[in-house]
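[1] Starting from these lines, generate the structure:
(chains A, B, C and D)
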Number of protein chains: 2
Amino acid sequence: MPIELKPLQALTLLKIVALAEVRDEMPDLTWRQMAILLTIYLEPPPHTVRGLAAKLDVTKPVITRALDTMGAMELVSRHRDEKDRRNVLIKRTVNGALYVERLGDLVIAKSRELPI
Amino acid sequence: MPIELKPLQALTLLKIVALAEVRDEMPDLTWRQMAILLTIYLEPPPHTVRGLAAKLDVTKPVITRALDTMGAMELVSRHRDEKDRRNVLIKRTVNGALYVERLGDLVIAKSRELPI
DNA sequence: CTTGAATGATACGGAACCGAAACGATATGG
DNA sequence: CCATATCGTTTCGGTTCCGTATCATTCAAG
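    You can find the predicted model right below:
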């Protein structure tokens, strides 16, 4: 079931999210944090620092720092992999799931108000 | 013609854009810069610093600085309003239009590759 | 004119982020 | 064991962004 979507509609949806971000209708996340969050919540686990760094094509410290910030927000959590204690497994949290859910709902709700 | 879109699909589109941003497939813009850019290119002119600040609910220096950055990228341009020389009118540029167009096309192209 | 209001730009100190390099902890292979 | 490799973290210096306050310019009203 592919989406029937035109460029202008895609841009309008993006503008909705950008305005929500800027207006503090959502907790502020950088693009990198957003990419990490959505990867964790939309793709199947397990997720590791190294795996995320490869997928996003950024260095590992970028992932570590983003996880620090989002961990403090309780949007994600970290756990040592007991099978290989060098790895850190990044897991979803209740707050994170709630945040992502609200983000999706926000786009839908706002887009309904528009002559899109 | 409202879009038929579900939250998961909206999140997937957002993830596409976030990944493109992070991977340097697009020139890096902050959320604020993105909100300003899309407002300028999706809403009818005229656009002023004060008007954008009110619409985004941010202070004027935020707009001025974002325009500095995006002006250097040639994504927008500034012109004194000759009718009222206190105002600055923000206008679209060729590069900016191209950027926005590519952004929309990128989302469409990537979303077609996905089992969305 | 002169005064006051409005607009956009600037100055300043502080916070967040970045890339590169170096670091401990853990696992692997001889 | 021991040497090497891997993984995530930390450190470092530098850049960018932020919020507040202040500024110069321009307009409008008396």
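[2] Flag every residue of chain A that's near DNA strand D.
    Contact residues (Cβ under 7 Å from any atom of the strand) of chain A with DNA strand D: A:48-51, A:60-61, A:63-65, A:67-68, A:78, A:86-88. C-beta: built from backbone N, CA, C; applies to glycine.
[3] List just the nearest of those to DNA strand C.
    Among the residues of chain A next to DNA strand D, residue A:61 lies closest to DNA strand C (Cβ to the nearest atom of the strand), at 3.9 Å.
[4] Work out for me the element that closest one sits within.
    Per DSSP states H and E: residue A:61 is located in helix A:60-72.
[5] Direction included, what does whichever helix or strand comes after that helix pair against?
    Per DSSP H and E, the first helix or strand lying C-terminal to helix A:60-72 is strand A:76-80. With DSSP bridges as the test, strand A:76-80 is paired with strand A:88-92 (antiparallel).
[6] pull the longest helix from chain A.
    In chain A, with assignment by DSSP state H, the single longest helix is helix A:94-112.
[7] relative to strand A:76-80, how tilted is that helix?
    150 degrees (axes from the mean of the first three to the mean of the last three Cα atoms, to 10 degrees).
[8] circling back: which among the residues of chain A next to DNA strand D are in contact with DNA strand C?
    When Cβ under 7 Å from any atom of the strand is applied, the members of those adjacent to DNA strand C are A:60, A:61, A:65, A:86.
[9] Excluding residues flanking it in the chain, which one is nearest the first one?
    What that stands for is residue A:60. Nearest residue to residue A:60, sequence neighbours excluded (Cβ to Cβ, 6 or more residues apart in numbering or on different chains): residue A:53, at 4.8 Å.
[10] circling back: any buried residues in the longest helix of chain A, and which?
    A:96, A:99, A:100, A:102, A:103, A:104, A:106, A:107, A:108, A:110, A:111 (16 or more other Cβ atoms under 10 Å in any protein chain shown).
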